[in-house]
Every structure is written in structure tokens, then in C-alpha cells.
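Q: I would like the atomic coordinates for the input below:
(chains A and B)
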Amino acid sequence: MLDIKFIRENKDLVASGAKKKNVDFNIDALLEADDKRRALMGKIEEMRAAQNSASQTIVNATALEKEEILKKMTALKADMEKEEAELKEVMREWQSLMLQVPNVPDISVPEGEGDVQNKEIKKWGELPKFSFQPKSHIEIMTKLNMVDLERGTKVSGFRGYFLKNDGALLSYAIWQYALNFFLGKGFTPMIVPSLVRREALLGTGFLPQGEEDLYKTQDGDFLAGTGEVATMGYYMDEILPKESLPTKFLSFSPCFRREAGSHAKDVKGLIRVHEFYKLEQVILCVAEHDESVKFHEELNRNTEEFIESLGIPYHTVVNCGGDLGLGQVKKYDIELWVPLENKYREISSASYFHDFQTRRLNIRYKDEDGKTRYVHSLNSTAIPTPRLLVSLVENFQQEDGSVRIPEALQPYMGGRKVIK
RNA sequence: GGAGGAGUGGCAGAGCGGUCGAAUGCGCUCGCUUGGAAAGCGGGUAUACCGUAAGGUAUCGCAGGUUCGAAUCCUGUCUCCUCCGCCA
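A: Below you'll find the predicted structure:
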């Protein structure tokens, strides 16, 4: 959510931002609703003032005066009810429009409609050259008994999977290594709920749009698609001491995505599943653009470093306007090389929001001047599993069907160098 | 799942239809006092919005309702506590 004051004062900027994001938003409708809202509120406040003052005089009034005042107030009340009903209607529209206003993308965000127009800004590592016919992660992992997709489907349904033996062990190894890696960068580890209430999803910007991509319980709660939701909700409705900023969390959680509308995409293997695990980086910092930018670069760099330490080739793209979420100001995706697909696949997404999320979540801090401000929020994938396994086993496969374990992970795999 | 009880300012805690943004205490803060400190005394001490200002409006978990008027009454809802049941 943006500040209505900001929207009023920067109408053109907000409108062009929406356009850049390829979001159809009618800012004039919002400003019109806001004018109505302000006018009605002014009227109603005046009436309430009259009511309040009558309420004070009535106490010491004689019976006769009292009757007079009551008569007036009854009439006033009738008028007021009319205005209030109208305001209610206006507020409903106003709020709904306010939730739809997209945050303004940064000037450095490239133009474009979808992920095809994302711009590569970095390339790292050498693509593997195989002297043999390389196999897909499905084939490799199935042969090594690391994954069972058939039984996964039997038990869990479409996109279901079991990780077993070294598939399971490798996952634990990655989590444990990642935990140590990121804790070294000052993050506070958390295990956060996936089952969350509507407010947390509204606050993070996943609702009201995007409901069809979430699993919902019969109690009206949701399964979050990322640990970001619960982590951001953690400080909802709180005022944080300024000294506590920046706050950095590394959150672990199962993630659930219905992948509605993706039925034909990536139907095989571990690229796109309904249920996965993710370590997520979340940062809350003071309300300064430069701080947000600094931490955004830092978040993204953290994940790059992590991938580099595993030795998997990747590239980083800056997402174009059309590929940004409603609240995102700027986003980087890190994509790992997937040999059998002959392309890079996304495993990480780092974005910053300014106060878009915290305004909805009501997370603030007190500045030196005693003023309360909304904190800035940022988040980035640290590491998702099992998607990471796809690139890992395909890039490090060997002719005999075995898989080389990256050196960094070996200590977490009992010192083994190879999965076979 | 059943039966009760509770949610008030930074904290504790009064108020239970009108003069209540809310007693009192603690905390914090400023001043006096002091060589300095403690104690004592006096003042200040929520937030948001509208307004150049004076001032106005809203907020006593949240949402509705009753009333000329609600922290106070009614309904719903959320959270917490106690007891019973169920389960691990």
C-alpha cells in the first residue's frame, strides 16, 4: 500500500509506474474517490463536533432546554446517518482501490512485459561440457534411488514426490550448510509457520490478488507459498526500537503453491512442485531508499556467493517492470544452469518494497525526531529445495551415473565425495 | 468439542450510560533542591487524520447494534486464562 498523500502529490509518477509494471490501474478513479472521502469526512466531523458539544451542555441543562437539544440532535443524527452511509460506500471503494495501487518500480528497472525481457546482469561459472550423453535429474536421481516420483504421485497427487536415501540426506546437508553459511552473515535463524491467517497474506501483498494460487483451509486460513509471509507477519502491529534495525531473519519453512495456471508447465521432475522447502532471507531496515538499495544488493549477493561456493553455473537477471509483483520496487532473479533443458532456471528472487508491505502490516519504528515511520522491508530466497537439486545433480553428474558432491557440502555428507 | 472468566495508555490498575483521552501508582522526562547524588517538591509524558493556526475528529482487542450521547448496554468475532473432554 502506498501513502494516499504520496499518491495525490505524485499522480503521474504512480500512473507511469503502474504502466511500467503492466498493471491496469485507474488512478483517476482513486483520486476521485479520495476527494469524495475527504469531503464527506469533513462534513461528518463537523456534525460530530456539534453532537459532542451538545452532549456536554445537556448535562447541566434544564428539562426544557434538554428537550430542545434532544430535538435538534435527533434531526442531526438523521442527517449524519445519511452522510455516514455514503461515506461507508465511498470507503469501501477507496480501500479496494488503495489495495490495488502498485508500488512504483525503480528507475533502473528495465521496460518489458514478462520474464523474457529480464536483463542478464551477471554470468558466473563455466557451463559443463559432457563427454557422454548427460541424463536428466529425473533419470539420475531415480537411478540412484534419491527420489520416487511415481509413489509421490500415488500418495500426494500431481507433482508429488518423495526424497529418499541420498536425496533426503543431500537436502539435509544443503539446509545445514546454508544455515551455517547465512548465520555467518548476521541472520537470526527462525522456523516459521506455513499455516497463516489472511492478514499476513494481505500485509505481504499476496492477497487480495493471487488467492487462486494459495491452498486454503476449511477454517479460512491459508498455506503460505513462502516463509516471507509469516516472517513479515512476525512484527505486525508493532513499533520496533530503532536500534533493532536492521533486523535480518533467515526463515525456514515448507512452502505450498497450487501452481494454478501452470498445469502444462514443468510437469515432470522437481522443478515445479506443490510443496517444497525454502530458507528465506528477510530484512527490515530504516525508511531510507539508500538503505533498501544497499541491503537489496547484499541479499542478492549472499545467495550468489552461496551458489558460487557450490560451484553451480548461474546468471543473475534484473527483472523487467512487467515481471514485478505489486509491491516490489526492484527484483533480481538468480537462475541456475540446467544442462538438460539447456537453459537457466530461477532459484532465487531478491526484492525490496520500501514501506509497501510494512504500511499494510503496520510495522513501524521511532526515529530520532520522535516520529514513527514505517520500516522498509526486503526479502530474498536463500535457498530452495528440492529445486536446487535439479541443477546440482545435472551439472555434477558423471559418466557412470554417479554425482559429484560439491566440496562445501562434503562435510555435511559424512565426508563423501560422490553419490553413487 | 463443552463450561466459565478476561482484554483500558510504556507497565500495573480504576472507571461499568453524559462533564472520560480516560483516576491513581510505577516508569520515563524537564525543573527546583544539592559540592554531587539519593530522597523530596513542582511540571510534562499515547497515536493518527483534517487545519497556516486556534482548534476539530477518531481510537478503551476488532466489527456491528441500541441511544440525543457508549470504555461502560447488546450481538458477532479474535486473542488470552481456568476447568472438563479428546488426542499426541
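Q: tell me how many other residues surround whatever residue of the stretch 301-420 of chain A ends up closest to RNA strand B.
A: Closest residue of the stretch 301-420 of chain A to RNA strand B, Cβ to the nearest atom of the strand: A:Thr372 (4.4 Å). Where C-beta positions appear, they are placed from N, C-alpha and C, glycine not excepted. Counted by other Cβ atoms under 10 Å, the residues lying close to A:Thr372 total 9.
Q: how close does A:Arg416 get to A:Pro406?
A: 11 Å (Cβ to Cβ, to the nearest Å).
Q: the more surrounded of the two?
A: In terms of neighbours (other Cβ under 10 Å), A:Pro406 is the more surrounded of A:Arg416 and A:Pro406; the figures are 19 against 15.
Q: list phi and psi for the closest residue in space to that one that isn't next to it in sequence.
A: Excluding the flanking residues, the one nearest A:Pro406 by Cβ to Cβ, 6 or more residues apart in numbering is A:Leu310, at 4.5 Å. Dihedral pair for A:Leu310: phi -90, psi -20, per degrees, to the nearest 10.
Q: right, and A:His289 touches A:His354 too?
A: Yes: using Cβ atoms under 8 Å, A:His289 is in contact with A:His354, at 7.1 Å.
Q: tell me the helices in the stretch 301-420 of chain A, going along the chain?
A: Along the stretch 301-420 of chain A, counting by DSSP state H, counting those that start in this stretch, helices occupy A:356-361, A:387-395.
Q: pick out the shakiest of the ones you listed, pLDDT-wise.
A: Lowest mean pLDDT within the helices of the stretch 301-420 of chain A: helix A:356-361, a mean of 90.
Q: any buried residues in it, and which?
A: Buried positions in helix A:356-361, judged by neighbour count with 16 or more other Cβ atoms under 10 Å: A:Phe356, A:Gln357, A:Thr358, A:Arg359, A:Arg360, A:Leu361.
Q: which stretches of chain A form helices?
A: A:4-9, A:11-20, A:27-57, A:63-100, A:137-143, A:149-156, A:166-183, A:198-204, A:228-233, A:289-310, A:356-361, A:387-395 (DSSP state H).
Q: follow-up on the earlier one: quick one: which of A:His289 and A:His354 has more around it?
A: Per other Cβ under 10 Å, whichever of A:His289 and A:His354 has more neighbours is A:His354, with 23 against 12.
Q: pull the contacting residues for that one.
A: A:Asn103, A:Ala287, A:His289, A:Ser292, A:Val329, A:His376 (Cβ atoms under 8 Å, 6 or more residues apart in numbering).
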